[in-house]
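Asks: turn this into a structure:
(2 chains)
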Amino acid sequence: MARIILILLGAVLVNNFVLRYFLGICPFLGVTGRVSSAIAMGFSVTFVMTLTAAIVWPINHFIIQGLHLPFLEYVSDILVIASLVQIIEMFVRKTSPALYRALGIYLPLITTNCSILFLALFIPLRKYSFLDSIVFGFGAGIGFTFVMLMMSAIREELDFAEVPKSLRGAPITLITAGLLALVFMGFTGLLGSA
Amino acid sequence: MSSILIATISMGGLAAFFAVMLSIVHERFKVEEDPRVEEILSCLPGVNCGACGFASCRSLAEAIVKGEAAVNSCVAGGSSVAEKISRIMGVESGSVKKKVAFVRCGATLSERSKKATYQGVNTCRAANILMGADTACLYGCLGFGDCEEACLFDAIKMVEGLPRIDLSRCTGCGRCVEVCPRGIIVLDSFENTNYRVKCSSLDRGKKARQVCTKSCIACRRCEKSCPYEACWVEDNLAHIDPRNCQLCGICSMVCPTGAIVKVG
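Replies: Have a look, this model is predicted:
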């Protein structure tokens, strides 16, 4: 139990994918304009990440390692991720057209979101068990959502701030992202190597 | 050799599994979308001004395809857009009645008197909450240019504290009408008459004269001189009925303050 909590906390805070490994920066800067779409994007990524972890582990365990085919790791990972994103895209389009429009190009772009490929490649490296992988995938997704929420809330407030003209738009966003990353550096070493 | 075979079979099997999964989900979550929606959307101006009464250009496109809106609903796009849409929908377009914005206040900054010095937020909205801020007239333009900011088509320029509307650019979307806190901007089609009362003041003559040199003072000269009974004064403000007006221009000539002007 303690191990699972450690993995979860590690994925959410200490080794946050966005602000520690700088993965998934594209939606982090692109969809954080408004809190509602940022949260929706976060949960979509969480869904894809959790499912990816759950599917990649057996594929890796039984096919890649079981049949000694390590060179197929990337191919199978990409196959899994692309299929899952397709499924979630169809699902969102059917259930919430407004959300589908708000997420726009960033929804299919989850396919090329490096944080998800990183997750799929990271799981065999860490030698996680099946349950650990799912918790890790879920934690990474929640960490992503958490950072998206923080960033979008800050950016909504920034709309009302008097930002110097030369810093308006992308520059102030990047500065904010840098400051957030600095804050998360404070978690370094909190859980040892977990 | 065997490892190639194993790799091909395992990956092929995996791919086939996901293909079946995807096709099942695709069937389950099928969205029927009319391709005409995208086509119409590409014809519309795409500025989401809301003049048609729908929230966005996309929702208008959807409504047109469903038959809930007429093909000439887009006010901003005018006849050319209506024609394109009617070609997509295969129906007659009819013509779009062009409306443009008209400001019912004619007093420039120097012509209206000040009652105070205002140092607050520079928007009409804020000024209107403070009883008009420095502007003494309770009905006229405040001159901070909320309408200029709201205009998506660059049709409004603030000149001497009064919005000047570029009739060739104005599409009649009505965003300026919505943002004006004093409600002095109206949408008007200049088809029948070009004479308009450029004042909104409901004050009695003496009071109106005190705060502005351009205001209607309800002297009724236009009402008395109009040969076609198109002018009348109501609530201390002159009105012109476009149905009766014959464009003689007498009202404009007799008006002592110049509140009746020729537009267009």
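
Asks: doesn't residue B:233 fall inside a helix?
Replies: No. Per DSSP: H, G, I helix; E, B strand; the rest coil, residue B:233 lies outside any helix segment and is strand.

Asks: got the contact list for it?
Replies: Contact analysis of residue B:233 by Cβ atoms under 8 Å, 6 or more residues apart in numbering or on different chains lists B:218, B:220, B:222, B:223, B:239. For the C-beta atoms, the positions are set from N, CA and C on the backbone; glycine is no exception.

Asks: measure it to residue B:241 for me?
Replies: 12 Å (Cβ to Cβ, to the nearest Å).

Asks: repeat for residue A:25
Replies: On the measure of Cβ to Cβ, residue A:25 and residue B:241 end up 63 Å apart.

Asks: again with residue B:78
Replies: Residue B:78 is 27 Å from residue B:241, by Cβ to Cβ.

Asks: of those two, who's got more company?
Replies: In this view residue B:78 and residue B:241 are compared by other Cβ atoms under 10 Å in any protein chain shown, and residue B:78 has more residues nearby, 17 against 14.

Asks: separation between the more buried one and chain A?
Replies: From residue B:78 over to chain A the distance is 26 Å, taken as Cβ to the nearest Cβ, to the nearest Å.

Asks: verify the stated contact: that residue with residue B:171.
Replies: Yes. With contact defined as Cβ atoms under 8 Å, residue B:78 counts as touching residue B:171 (7.1 Å).

Asks: from residue A:103, how far out is residue A:152?
Replies: Distance from residue A:152 to residue A:103, by Cβ to Cβ: 13 Å.

Asks: mind giving me the packing neighbours of the worst-scoring helix or strand of chain A on mean pLDDT?
Replies: Ranked by mean pLDDT, DSSP states H and E, the weakest helix or strand in chain A is helix A:97-103, scoring a mean of 77. Other elements packing on helix A:97-103 under the criterion 3 or more Cβ pairs under 8 Å, 6 or more residues apart in numbering or on different chains; DSSP states H and E are helix A:35-58, helix A:73-95.

Asks: from the contacts of residue B:233, which is closest to chain A?
Replies: residue B:239 (42.5 Å; Cβ to the nearest Cβ).

Asks: which phi and psi values does the closest one adopt?
Replies: phi -130, psi 150 (degrees, to the nearest 10).

Asks: separation between the closest residue in space to it that isn't next to it in sequence and residue B:242?
Replies: Spatially, and ignoring its direct neighbours in sequence, residue B:239 is nearest to residue B:232 (5.7 Å; Cβ to Cβ, 6 or more residues apart in numbering or on different chains). Separation of residue B:232 from residue B:242 (Cβ to Cβ): 13 Å.

Asks: what of residue B:62?
Replies: 35 Å.
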